[in-house]
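Colleague: give me the fold of what follows.
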Amino acid sequence: MEYNSKIYVAGHRGLVGSAILRRLESEGYKNIIHKTRKELDLTRQSAVEAFFEKEKPEYVFLAAAKVGGIYANSTYPAEFIYSNLMAQANIINAAHIYGAEKLLFLGSSCIYPRDCPQPMKEEYLLSGYLEPTNEPYAVAKIAGIKMCQSYNRQYGTNFISVMPTNLYGPNDNFDLMDSHVLPALIRKFHEAKVNDKPYVEVWGSGNPKREFLFVDDLADACLFLMENYDKSEIINIGTGEDISIKELAEMVKEIAGYEGDIRFDSSKPDGTLRKLLDVSRINSLGWKAKTPLKAGIEKTYEWYKSQYF
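Modeller: Purely as a prediction, here's the structure:
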């Protein structure tokens, strides 16, 4: 990418898109375009094609997606599969029609089978059954991967697909009904401290292990891959390290300065016991995550307080 290349960031207000936008701007890219949901409905093919016909972006970061935790995925499965399928299909097809030089599609680690070996290698895709709680979202993301690969094979496009692990950082969703585990913990411990509550309840046993990547590191990886990766094979982005939910809760408690107790509600589901990405492919290209988990959570907590309190 040249500094004056026309770059379209789809989903620029979300967790991932806003981080990519920040990184592009900090690197000196001058010709970045983006639209709000009110300005451009990505689920409408005619609107997306009109936008691409007018703007003709050279590079596309496809970070627009409807995302959420277990509750949201279980409650709104139709919205998750429809919104994601339509938006990504419209953008990928328009990028081909109007001659984009390269597109980067953001997938998700939930594309991998629920019970696949750990750490999860890229070749494990479609090797088993998906996690039922977010299957519609995962199917949509897998369709996006296959669409990019199919367009590359038939039309000679340069559309790459990346699979990030669990993300966190500024502009995350802190709604307790719809959010992922880390932003939910940040909010719970902060509110418990402010309201002087005697304990914080955490779903499950605390035993499952998860990997977390600071979203600014993801943005760094996306720019790196846009410059250095041109293959159809998917590529994982993560830290290669995981932590138990119990250890995570204790870390957030310490960062928030909360002095009460943590109670684990074992009647609530644990989900998959371990989810860790194999990141040897991206590491071999010369990229590694930089932000330690504690430092990333501290930055996220400060952002959360600045926005909500």
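Colleague: wait, isn't residue 248 in contact with residue 208?
Modeller: No: the pair residue 248 / residue 208 is not scored as a contact, 9.9 Å apart, by C-beta atoms under 8 Å. Backbone N, C-alpha and C define where each C-beta goes, glycine included.
Colleague: comparing those two, which shows the higher neighbour count?
Modeller: Applying other C-beta atoms under 10 Å to residue 248 and residue 208 shows that residue 248 carries more neighbours, namely 22 against 19.
Colleague: helix or strand for that one, which one?
Modeller: In this structure, residue 248 sits in helix 245-256 according to DSSP states H and E.
Colleague: which residues touch the closest residue to residue 87 other than its chain neighbours?
Modeller: The shortest distance from residue 87 to any non-neighbouring residue, by C-beta to C-beta, 6 or more residues apart in numbering, is to residue 42 (3.8 Å). By C-beta atoms under 8 Å, 6 or more residues apart in numbering, the contact list for residue 42 reads 10, 48, 64, 86-87, 90-91.
Colleague: could I get those as TSV with secondary structure?
Modeller: Below are the contacts of residue 42 laid out as TSV (DSSP: H, G, I helix; E, B strand; the rest coil):
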residue	secondary structure
10	strand
48	helix
64	coil
86	helix
87	helix
90	helix
91	helix
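Colleague: which two of those residues have the greatest separation?
Modeller: Within the contacts of residue 42, two members stand farthest from each other by C-beta to C-beta: 10 and 86, at 12.6 Å.
Colleague: from the contacts of residue 42, which would you call buried?
Modeller: 10, 48, 64, 86-87, 90-91 (16 or more other C-beta atoms under 10 Å).
Colleague: which of those lies closest to residue 309?
Modeller: Looking across these and measuring by C-beta to C-beta, the closest to residue 309 is residue 64, at 28.8 Å.
Colleague: state the mean pLDDT of the one helix or strand residue 53 maps to.
Modeller: Per DSSP H and E: residue 53 is located in helix 45-55. Across helix 45-55, the average pLDDT comes to 98.
Colleague: in CSV, list the C-alpha atoms belonging to that helix.
Modeller: Extracted C-alpha coordinates of helix 45-55, given in CSV (Å, rounded to 0.1, in the frame of the first residue of the first chain):
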residue,chain,number,x,y,z
GLN,A,45,-26.2,-5.0,-2.5
SER,A,46,-27.2,-2.0,-4.6
ALA,A,47,-26.0,0.4,-2.0
VAL,A,48,-22.6,-1.3,-1.6
GLU,A,49,-22.1,-1.6,-5.4
ALA,A,50,-23.0,2.1,-5.8
PHE,A,51,-20.4,3.0,-3.1
PHE,A,52,-17.7,0.9,-4.7
GLU,A,53,-18.5,2.3,-8.2
LYS,A,54,-18.1,5.8,-6.9
GLU,A,55,-15.1,5.4,-4.6
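Colleague: and that helix, how far out from the chain's middle?
Modeller: 25 Å (C-alpha atoms, centre = their mean, to the nearest Å).
Colleague: tally up the residues packed near residue 31, please.
Modeller: Neighbour number of residue 31 under other C-beta under 10 Å is 16.
Colleague: isn't it up against residue 6?
Modeller: Yes: here residue 31 reaches residue 6: they are 4.9 Å apart, a contact under C-beta under 8 Å.
Colleague: give me every residue that touches residue 90.
Modeller: Residue 90 neighbours (C-beta under 8 Å, 6+ apart): 42-45, 48-49.
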